[in-house]
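[1] Structure for the following, please:
(one chain, ligands or ions: 1)
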Amino acid sequence: MPPTSKLSRIRNIGIIAHIDAGKTTVSERILYYTGKSYKIGEVHDGEAVMDWMPQEQERGITITSAVTTCNWKNSEIHIIDTPGHVDFTIEVERSLRVLDGAVIVFDAVAGVEPQSETVWHQADKYGVPKIAFVNKMDRVGADFFRVIEMMKERFSAVPLPIQIPWGQEEKFQGIVDLISEKCVIWDDSSKGAHYEAIDIPGDLMPEVELQRERMLESVAEFDDDIAEKYLGGEEISQKELHAAIRKATLAVRLVPVLCGTALKNKGIQPLLDAVVDFLPSPEDVPPVSGIHPVTKEELTRISSTKEPLAALAFKVMQDEGRKLTYLRIYSGQIKTGEELYNASKNRKEKASRLLKMHANKRERLEQAGAGDIVSVMGLKETATGDTICDEAHPILLESMEFYEPVISQAIEAKTPADQEKLSLALQKLMDEDPTLRVKYDDETAQTVISGMGELHLDVIIDRLSREFHTQVNVGKPRVVYRETIRKKVESEGHFERELGDKKHFGHVRLILEPLERGAGVETDWIPETDALPAEYVRATEEGISEAVQSGVIAGYPLVDIRVSVAGLTIKEGESSPIGYKIAAASALRDGFNKADPLLLEPVMMVSVITPAEFMGEVIGDINARRGEVQEITPKGAISEIRARVPLKALFGYSTDLRSATQGRAVFTMQFFAYDQG
Ligand SMILES: Nc1nc2c(ncn2[C@@H]2O[C@H](COP(=O)(O)OP(=O)(O)OP(=O)(O)O)[C@@H](O)[C@H]2O)c(=O)[nH]1
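    Presented below is the predicted three-dimensional model:
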């Protein structure tokens, strides 16, 4: 099914997986076979092309998404390499938001691991069609069909093996393509660049026939034409099968499953074929939606260069001191040197240079259009999540969801020279990373950074030193708390002061009520605000909002609370906005103190995979950390334990778990909720 129009030949895909499943190795091989990199970089040698940040090479993990473009069979594939570590979940979400399709990589031995489950569900949340690649078929313990069974248990979409392995573990020699009914084998001497399709050996036939029948049955369930032919015993052509599988994949009903070993150079080219055959082009995805920035009218844009421009800035990064903004263009076109409009900031920006990024080199473009992912230089004000569009036809695309930080750490410049560089460096890091927060603590004269986890902050501190040559002393990581109340109260705030010959009066009455966990903050007005002077209403809201942010008990933001304004007292000639702002903040603080306040701490959902013999130790240890076991799932010789554990009790957990289980258990964690400790 050769694609025709330019747009239909574009694939914007992400490669997502559990840590260590082999995403980077798979991406490397893709770049090699599509001719973009001339040497295969091995992750274990610290040479991979995609993992270009020094920390990534040292740690052997992928931290930042790098977008890279390659060509395969007349199609242009833009790949975003996404991180597997849970501290960088935001990066995965950020990429999913702008992708049209995903390849999910599984380890043939470990199967469906907690993080692959999370990313699968994240992809479902954004309705992203997927194909699965069962990697590491060469490893001892590899079992393709067990991974398929695990997928069936965990996910609602039906996994559809369109290949089966020819041999497993050290006997893995290639794949059987169930659609073309051919075996594919690779030539080791060319590092797998050469491969050929051969006839299926006779001894494999019974298994191949059985698996092909199963594949046809699954496809028939989603496609009436195929069902009719299948039931009538008619021949189904490859073309018809491709079309039916494509349709069911795009509808997120079926997930084609392929297999191979990236490290041993087998299985990558058919994976690229499947990306082109089964994953959507920008034309196949629904129009992007947004609102008019002023009238708030709902708007959509179809993927076409003829429509007005709409693009989302999904990533901002510093590159040799210059700011690069990655844009997903949904509609319209951008030309080099053109003036663009940032609808989120209501600012004009100039695209001084347009670039198509490869993992470690770049190609200059004169223009880019709908469906493209490009990087732009010259957008000074644009931050992650902003919409870039045509000023005459403005649109605000739905912004991305960001997570609240859970860990903070005090940092202090080592020398006065470092102090000078620190705030600028932190500002640049914040432009890139919306999950990083920075606050200056007046009392201790320290800067406090907060983020998604210990590793996140470690990487930030490391980058300060390496990229910004700013050395800092660091304090201990601390969890970030929230404050809330347990009782409904009424309170009032009164302010009266004379400044020069002007009086500043304000009087605000509030009602504070506790809300359920996770509800956030709600503000209500009991009197009609139309009947009150708008500037006093605004000032009252500002006062409430500032007090909510700066906290009452220990300076942490307030959550799960409803603040209702019961009334403002107005004194002609004396009332002033400052008066209401200060009165509102003091009413809130006063009420909060009377409302039985308490601190909430971040609680994480921890998932531990452990061999059965260490179950007792692992559970005992979770209990000792004030954790609550939610679920235990046996998976053969191993078990998965899911538990809610306060983050504070998890410092040093990875070292403790390793020593308690001789390094055989692994864990991942994710923010679950703010709750009572
Ligand atoms: N035996 C075997 N090992 C593999 C295969 N593919 C990758 N590996 C190894 O598995 C390890 C992890 O591979 P990566 O490609 O770094 O995995 P990743 O998923 O990108 O990991 P992060 O970037 O840290 O999330 C490396 O040591 C690879 O050499 C494979 O097909 N077979």
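[2] For the rest of this, base every contact and every neighbour count on C-alpha atoms.
    Will do.
[3] pLDDT weak spots in the stretch 551-677 of the chain?
    Residue ranges of the stretch 551-677 of the chain with pLDDT under 70: 635-637, 677.
[4] and whichever residue of it sits closest to the ligand, what are its bridge partners?
    Closest contact between the stretch 551-677 of the chain and the ligand, by C-alpha to the nearest ligand atom, is at residue 668 (12.5 Å). Residue 668 has these beta-bridge partners by DSSP bridges: residue 607.
[5] what does residue 77 give?
    residue 11, residue 70.
[6] Could you give the number of residues near it?
    Applying other C-alpha atoms under 10 Å, we find 22 residues neighbouring residue 77.
[7] residue contacts, it?
    Contacts for residue 77 (C-alpha atoms under 8 Å, 6 or more residues apart in numbering) come out as 10-13, 69-71.
[8] ok, now residue 603?
    644-647, 671-675.
[9] which stretch of helix or strand covers the residue in the stretch 451-600 of the chain that the ligand sits nearest to?
    Nearest residue of the stretch 451-600 of the chain to the ligand: residue 455, at 12.8 Å (C-alpha to the nearest ligand atom). For residue 455, the host element (DSSP states H and E) is helix 454-468.
[10] ok, then the element right after that helix?
    Next in sequence after helix 454-468, counting helices and strands by DSSP H and E, comes strand 472-474.
[11] quick one: residue 249 and residue 274 touch, right?
    No. The pair residue 249 / residue 274 is not scored as a contact, 10.9 Å apart, by C-alpha atoms under 8 Å.
[12] Confidence-wise, which helix or strand of the protein is lowest on average?
    helix 54-59 (a mean of 48; mean pLDDT, DSSP states H and E).
[13] just checking, what packs against the helix holding residue 455?
    Packing partners of helix 454-468 (3 or more C-alpha pairs under 8 Å, 6 or more residues apart in numbering; DSSP states H and E): strand 407-413, helix 416-432, strand 446-451.
[14] Dump those to CSV, plus distance to the ligand.
    Shown next, in CSV, are those (distance: least, C-alpha to the nearest ligand atom, whole Å):
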stretch, distance to the ligand
strand 407-413, 22
helix 416-432, 20
strand 446-451, 19
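[15] So what's the residue count around the residue of the stretch 551-677 of the chain closest to the ligand?
    Using other C-alpha under 10 Å, residue 668 has 20 neighbouring residues.
[16] From residue 147, how far out is the residue lying closest to residue 329 once chain neighbours are set aside?
    For residue 329, ignoring the flanking residues on the chain, the nearest one in space by C-alpha to C-alpha, 6 or more residues apart in numbering is residue 311 at 4.2 Å. Separation of residue 311 from residue 147 (C-alpha to C-alpha, to the nearest Å): 38 Å.
[17] Looking at the two now, which is surrounded by more residues?
    Per other C-alpha under 10 Å, whichever of residue 311 and residue 147 has more neighbours is residue 311, with 30 against 20.
[18] so where's the stretch 201-350 of the chain shaky on pLDDT?
    For the stretch 201-350 of the chain, residues meeting the criterion pLDDT under 70 lie at 320.
[19] Around the ligand, pick out the residues from it.
    Taking C-alpha under 6 Å from any ligand atom as the contact definition, the stretch 201-350 of the chain meets the ligand at 261-264.
[20] now, which of those residues lie within helices?
    Counting by DSSP state H, those place none of their members in helices.
[21] Go through the residues you listed and say which is closest to residue 534.
    Ranked by distance to residue 534 (C-alpha to C-alpha), these are led by residue 262 at 63.4 Å.
[22] ok, how many other residues are close to the closest residue in space to that closest one that isn't next to it in sequence?
    Among residues not flanking residue 262 along the chain, residue 26 sits closest, at 5.3 Å (C-alpha to C-alpha, 6+ apart). Residues lying near residue 26 (other C-alpha under 10 Å) number 24.
[23] Against residue 9, how distant is residue 26?
    22 Å.
[24] Can you list the strands that the host helix or strand of residue 257 pairs with?
    Assigned by DSSP H and E, residue 257 falls within strand 254-259. Applying DSSP bridges, strand 254-259 is found paired with strand 130-135 (parallel), strand 158-161 (parallel).
[25] Which helix or strand lies directly C-terminal to the last one?
    The reference is to strand 158-161. Toward the C-terminal end, the helix or strand that comes next after strand 158-161 (DSSP H and E) is strand 163-166.
[26] likewise the longest one?
    Next along the chain after strand 130-135, taking DSSP H and E as the criterion, comes helix 144-154.
[27] hmm, that following helix touching the ligand?
    No. Helix 144-154 stays out of contact with the ligand when judged by C-alpha under 6 Å from any ligand atom, the minimum separation being 12.8 Å.
[28] How about the contacts made by residue 464?
    Per C-alpha under 8 Å, 6+ apart, neighbours of residue 464: 422, 425-426, 470-471.
[29] Which members of the contacts of residue 603 additionally contact the ligand?
    Filtering these for neighbours of the ligand using C-alpha under 6 Å from any ligand atom leaves an empty set.
[30] neighbour-wise, which of those residues leads?
    Most surrounded of the contacts of residue 603: other C-alpha under 10 Å gives residue 647, at 28 neighbours.
[31] which residues does that one contact?
    Contacts of residue 647 (C-alpha under 8 Å, 6+ apart): 479, 601-604.
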